[in-house]
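Student: sequence first, predicted model second:
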Amino acid sequence: KEELFLVMLDERFAKELERIDRTLSGTDDPETEARLAAAEFIHFASDDDWPRLYFQFAAHAARNEEFRQELATRQQAMRERLVEVYERWTKQFEIDPPLPIADIAAMTYFMADGFLVDRLIEPGLDEARAGLPRWRRAGSPPLSSQRLREVLDEPGRVPVRPRLVG
């Protein structure tokens with residue numbers, strides 16, 4: 001059962017990374033590509049069965065050290081691959097990200113993970129109520145300091161915001 005899940009996870013991660021990599025091809029304008037990539041990354045949350053299965057195995061990993069290590073290895077590989085995709089993309093457009101790419105990849109990954117958990121608890125939760133449209137407008141990842149500032153300054157934003165240098 002564990003091996004089958006890990007194979008499914010590998011296939012799922014590969015498919016999502018391929019989709020993001022294709023979206024961040026460097027052939028369109030950077031803002032459009034960043035928005036599309038944000039939509040693509042959260043795409044896997046639209047499958048109602050996957051989050052249940054994923055978190056069932058996450059709970060299993062909390063009780064089984066060997067499996068936890070296998071799952072952690074795959075999650076780390078996913079984040080590392082996101083870093084590679086984001087680095088390639090920022091170099092194509094000569095974008096100077098406001099944060100280290102590894103941090104942006106981790107934030108993107110953990111935000112999507114959290115959204116999946118919340119959708120399990122609150123099935124009616126949609127992207128708008130989770131704040132994802134604003135994240136998309138910033139470009140997910142928020143690879144431009146100026147664009148991130150513009151989105152943070154929009155009316156209705158959350159009052160707490162990071163201090164950006166640059």
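Tutor: Right, received. Where do you want to start?

Student: what sits closest to Y86 if chain neighbours are left out?
Tutor: Take Y86 and drop its neighbours on the chain: the residue closest to it by C-beta to C-beta, 6 or more residues apart in numbering is I101, 4.9 Å away. Glycine gets a C-beta too; all of them are placed from N, C-alpha and C.

Student: residue contacts, that neighbour?
Tutor: With contacts taken as C-beta atoms under 8 Å, 6 or more residues apart in numbering, I101 has the following neighbours: V83, Y86, E87, T90, P141.

Student: one more time with 6 Å
Tutor: V83, Y86, E87 (C-beta atoms under 6 Å, 6 or more residues apart in numbering).

Student: now do it against I95, distance only.
Tutor: I101 is 10 Å from I95, where distance means C-beta to C-beta, to the nearest Å.

Student: same question, T32
Tutor: As for T32, its distance to I95 is 14 Å (criterion: C-beta to C-beta).

Student: with neighbour numbers in mind, choose between the two.
Tutor: More crowded of T32 and I95, by other C-beta atoms under 10 Å: I95, with 17 against 11.

Student: need phi/psi at that one.
Tutor: Reported as degrees, to the nearest 10, the phi and psi values for I95 are phi -90, psi 140.

Student: K15 versus L36, what's the distance?
Tutor: In this view, L36 and K15 are 16 Å apart by C-beta to C-beta.

Student: got it, and V83?
Tutor: Here the criterion is C-beta to C-beta. By it, V83 lies 18 Å from K15.

Student: after the longest helix that the chain contains, next one along is what?
Tutor: If each helix of the chain is counted by residues according to DSSP state H, the longest one is helix 65-93. With elements assigned by DSSP states H and E, the helix or strand that comes after helix 65-93 is helix 101-121.
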